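*Asks:* Task: produce atomic coordinates for the following.
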Amino acid sequence: MKKSVKALALLLAVVFISAAFSSCSSEKLEAIMKPIEGDAYIFDDSNGVSVHDPSLFKSENGVYYVTGSHIASAKSTDLINWNTVSAGVYDSNRTLVKEGSMLRESLNKAFAWCDAAQTLWQTAEDDWQTNVWASTVIYNKAMGKYCYYACASVWGTPMSVIWLAVSDDPEGTFEFVDTVIYSGFNNCFDDHKKPLNQLHYSYTNIAELIKKGTFTKKEINAQPWFDEWGNYDCSYGKYPNAIDPALFYDKDGNLWLTYGSFSGGIYIMPIVEETGLPDYKKMRDTEGYDIYFGKQISCTNEETENTGEGPFIVYDKQSGYYYLFLTYGGLSALEGYNIREYRSENPDGPYIDAAGNDACDMKSTGIRIIPNYQFSSDKVAYLSAGHSSCLIDDDGKIYQAYHQRYNDGVGGFFNVQIHQMLRTTNGWLTVLPTAYNGETAAAVTLSDIVGEYEMILFSSQTKKTEDWSKVSDIIEPTVTAVIDANGKVSIDGKEGTINLDNNSYTFTLDLNSRVYYGVFCIGTQNGKSVMTASAMSDTNQSLWAVRK
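*Replies:* Model prediction:
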């Protein structure tokens with residue numbers, strides 16, 4: 001099928017989906033997000049607090065926060081007990097809106113871009129989407145401000161814009177500063193040299209940058225961002241969807257922004273710390289960078305389930321690596337959201353997985369670090385873990401935060417999960433199978449780890465279905481593993497050997513001609529202390545184990 005036909009089909013689908021979501025009342029949305037009454041869920045952490053696309057950060061006064069889509073946020077002093085700060089768009093909080101103002105008034109410049117697209121598609125104004133997606137907060141040291149980056153977008157299209165707001169307080173009110181990056185624009189003109197529609201780049205901040213002398217009209221029109229008809233080229237490996245921003249400082253104190261989704265994949269760009277906005281001069285002067293979008297660090301295609309979104313990069317001074325986490329699959333419970341890990345010695349890549357694949361390779365890559373799973377003591381299966389973030393705390397502990405769905409037959413409810421990550425001896429970060437409950441890894445001996453375990457050997461593939469009756473097909477099966485007093489491991493008839501590192505909690509496991517590098521740690525499952533293990537191989541395979 002030709003791309004133009006695909007694009008038309010996508011556009012029609014978007015119009016109908018947009019209308020459906022936009023017409024939802026606050027009561028309907030709250031009903032979708034509420035858990036089923038009773039004991040259908042066992043919340044391992046976060047008290048069931050719901051923040052979609054959670055970005056974890058620590059404020060200057062030591063309080064932890066997660067902020068995400070729909071202006072939702074929560075806070076904690078221990079990463080275990082959480083309280084809601086903002087329940088979302090329909091909450092009365094003032095995260096982004098001052099008393100007496102409206103959201104659309106506060107963010108008018110950002111929403112104008114999405115509104116232009118919806119006007120072109122003749123969407124009724126009452127049905128216009130008002131999206132605040134994937135917010136992230138970072139304390140900007142030079143500005144002395146908490147910087148709130150988020151995006152507005154038209155669902156399923158590259159019509160998106162990332163914007164910035166700032167505050168002296170991590171809870172706001174954040175005041176809008178400016179738009180940062182646009183995507184989905186064209187350079188189409190009619191015979192009179194006027195824009196054919198409001199999707200022309202002159203309706204973005206590019207017009208302002210031309211006026212300032214950052215770019216010229218001639219060089220913008222010469223950019224390879226457009227296809228032969230002048231439309232934005234968002235085909236595989238090309239240009240990004242400006243959503244899902246995340247920021248980090250590198251080892252030298254430089255500030256970076258990474259973002260993106262389907263089509264062009266993930267991009268990265270340097271940020272001028274004093275303004276919180278892109279460093280166009282550095283991008284122009286650095287080989288491999290687009291003058292506006294930055295540098296591509298991952299690609300998407302059919303093998304990646306057409307996506308790779310929600311990027312997050314963190315620098316670990318102990319290992320010397322930058323770690324990139326991104327999510328494959330679709331965000332619903334059955335669509336297989338799953339988090340992948342890569343690493344690099346440089347903030348702008350290349351980002352490589354354990355098997356040596358570059359994230360820009362046009363194939364399925366990355367170490368899948370959290371599966372669809374259900375241990376025997378879990379009342380429901382955990383599905384579609386995604387859009388993660390990572391925090392390396394002052395004491396060196398590492399945390400992975402993500403939103404989690406469940407096999408409740410509906411899949412509408414989600415909550416925040418916080419799991420600790422530990423370093424393996426070969427320099428990867430592996431996720432512990434139980435939610436964080438204050439544990440600290442300690443050295444183990446063979447006598448500490450002997451016993452029978454329930455183990456999950458992850459598939460490296462994204463698993464999804466359209467039928468709740470087939471949900472078991474996308475849940476990773478558990479197997480029985482036994483570790484004896486001599487370090488011999490038996491897993492469903494296969495024999496292996498486990499070798500503990502001296503005075504540590506790390507180990508290597510030789511199993512079926514594959515070597516896993518892993519960690520042991522006491523965790524908490526259903527209120528009880530249990531020995532757990534997590535490991536990864538050089539072939540991108542992962543495993544979890546919990547002692548019975």
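*Asks:* mind checking the SS state of Gln118?
*Replies:* At Gln118 the chain is in helix, as set by DSSP: H, G, I helix; E, B strand; the rest coil.
*Asks:* For the stretch 351-500 of the chain, which segments are assigned as helices?
*Replies:* Remark: helices assigned in the stretch 351-500 of the chain by DSSP state H, counting those that start in this stretch are 446-449.
*Asks:* Distance-wise, check Thr136 relative to Lys295.
*Replies:* Distance of Thr136 to Lys295, computed by C-beta to C-beta, to the nearest Å: 19 Å. Heads up, the C-betas are built off the backbone N, CA and C, glycines and all.
*Asks:* Of those two, give the one with the bigger neighbour count.
*Replies:* More crowded of Thr136 and Lys295, by other C-beta atoms under 10 Å: Thr136, with 26 against 18.
*Asks:* Where does pLDDT dip in the chain?
*Replies:* Scanning the chain for pLDDT under 70 picks out 1-47, 90-92, 121-123, 125-129, 190-196.
*Asks:* now do 80
*Replies:* By pLDDT under 80, the low-scoring segments of the chain are 1-48, 88-93, 100, 117-130, 156, 189-197, 262-263, 305-306.
*Asks:* right, and Ser384 touches Ile339 too?
*Replies:* No. Using C-beta atoms under 8 Å as the test, Ser384 is too far from Ile339 to be in contact (10.3 Å).
*Asks:* So for the two, which sits in the more crowded spot?
*Replies:* Using other C-beta under 10 Å as the criterion, Ser384 and Ile339 rank with Ser384 on top: 28 against 25.
*Asks:* count of neighbours near the closest residue to the more buried one other than its chain neighbours?
*Replies:* Counting by C-beta to C-beta, 6 or more residues apart in numbering, Tyr337 is the residue found nearest to Ser384 once chain neighbours are left out, at 3.9 Å. Using other C-beta under 10 Å, Tyr337 is surrounded by 30 other residues.
*Asks:* need the contact list for Tyr337.
*Replies:* In this structure, Tyr337 makes contact with Thr327, Tyr328, Gly329, Gly330, Leu331, Ser384, Ala385, Gly386, His387, Arg405, judged by C-beta atoms under 8 Å, 6 or more residues apart in numbering.
*Asks:* how far away is Val471 from Met143?
*Replies:* Per C-beta to C-beta, Val471 is found 47 Å from Met143.
*Asks:* how much space between Phe59 and Asn140?
*Replies:* Quick fix: residue 59 is Ser, not Phe. Between Ser59 and Asn140 the computed distance is 13 Å (C-beta to C-beta).
*Asks:* Now do the shared contacts for these two.
*Replies:* Residues touching both Ser59 and Asn140 (C-beta under 8 Å, 6+ apart): Tyr146.
*Asks:* Comparing those two, which residue is more hemmed in?
*Replies:* Neighbours were tallied for Ser59 and for Asn140 using other C-beta under 10 Å; the higher tally belongs to Asn140 (20 against 15).
*Asks:* Now do the contacts for the more buried one.
*Replies:* Tyr146, Cys147, Val166, Leu255, Glu273, Gly276.
*Asks:* quick one: contacts for the first one?
*Replies:* In this case it means Tyr146. Listed by C-beta under 8 Å, 6+ apart, the contact partners of Tyr146 are Ser59, Val137, Ile138, Tyr139, Asn140, Val166, Ser167, Asp168, Asp169, Pro170, Phe174.
*Asks:* Which strand residues bridge it?
*Replies:* For Tyr146, the beta-bridge partners under DSSP bridges are Tyr139, Ser167.
*Asks:* if I look at it, how far off is Glu495?
*Replies:* From Tyr146 to Glu495 the distance is 54 Å (C-beta to C-beta).
*Asks:* which residues touch Lys238?
*Replies:* Counting by C-beta under 8 Å, 6+ apart, Lys238 touches Ser263, Gly264.
*Asks:* wait, is Tyr236 part of a helix?
*Replies:* No. According to three-state DSSP, Tyr236 belongs to no helix; its state is coil.
*Asks:* Pull the number of nearby residues for the nearest residue to it once chain neighbours are set aside.
*Replies:* Using C-beta to C-beta, 6+ apart and skipping residues adjacent in sequence, the residue nearest Tyr236 is Asn301, 4.7 Å away. Counted by other C-beta under 10 Å, the residues lying close to Asn301 total 18.
*Asks:* my guess is Asn301 contacts Phe262, does it?
*Replies:* No. At 9.8 Å, Asn301 does not count as touching Phe262 under the criterion of C-beta under 8 Å.
*Asks:* if we can go back for a sec, return the residues in contact with the residue nearest to Tyr236.
*Replies:* Tyr236, Gly237, Met362, Lys363 are the contacts of Asn301 under C-beta under 8 Å, 6+ apart.
*Asks:* Tell me the spacing between Asp510 and Val489.
*Replies:* Asp510 is 9 Å from Val489, where distance means C-beta to C-beta.
*Asks:* scratch that, Ser153
*Replies:* To Val489, Ser153 is 47 Å away according to C-beta to C-beta.
*Asks:* Specify which residue of those two has the higher count of neighbours.
*Replies:* Applying other C-beta under 10 Å to Ser153 and Val489 shows that Ser153 carries more neighbours, namely 27 against 20.
*Asks:* Now do the nearest residue to that one once chain neighbours are set aside: how many residues are near it, please.
*Replies:* Leaving aside its sequence neighbours, Ser153 sits nearest to Ser160 (C-beta to C-beta, 6+ apart; 3.9 Å). Neighbours of Ser160 under the rule other C-beta under 10 Å: 27.
*Asks:* which SS class is Ala112?
*Replies:* On the basis of three-state DSSP, Ala112 is classed as helix.
*Asks:* what's near enough to touch the closest residue to it other than its chain neighbours?
*Replies:* Excluding its sequence neighbours, the residue lying closest to Ala112 (C-beta to C-beta, 6+ apart) is Tyr203, at 7.8 Å. Counting by C-beta under 8 Å, 6+ apart, Tyr203 touches Ala112, Trp113, Ala116, Phe185, Pro195.
*Asks:* Now Tyr203: phi and psi?
*Replies:* phi -90, psi 10 (degrees, to the nearest 10).
*Asks:* same check, this time on the one 4 residues further on
*Replies:* For Ala207, the backbone dihedrals (degrees, to the nearest 10) come out as phi -60, psi -40.
*Asks:* Correct me if wrong: it contacts Tyr201.
*Replies:* Yes. Applying C-beta under 8 Å, one finds Ala207 in contact with Tyr201, separated by 7.2 Å.
*Asks:* So which of the two has more stuff around it?
*Replies:* Per other C-beta under 10 Å, whichever of Ala207 and Tyr201 has more neighbours is Tyr201, with 26 against 15.
*Asks:* Find the residue closest to Leu103 in space, skipping its chain neighbours.
*Replies:* Spatial nearest neighbour of Leu103, excluding adjacent residues (C-beta to C-beta, 6+ apart): Val97 at 5.4 Å.
*Asks:* List the contacts of that neighbour.
*Replies:* Val97 neighbours (C-beta under 8 Å, 6+ apart): Leu103, Glu105, Ser106, Thr173.
*Asks:* and the third one, how many neighbours does it have?
*Replies:* Each residue near Ser106 was counted by other C-beta under 10 Å, and the total is 19.
*Asks:* That one contacts Trp163, doesn't it?
*Replies:* No. Using C-beta under 8 Å, Ser106 is not in contact with Trp163, being 10.7 Å away.
*Asks:* If anything else comes up later, I'll come back, but that's it for now.
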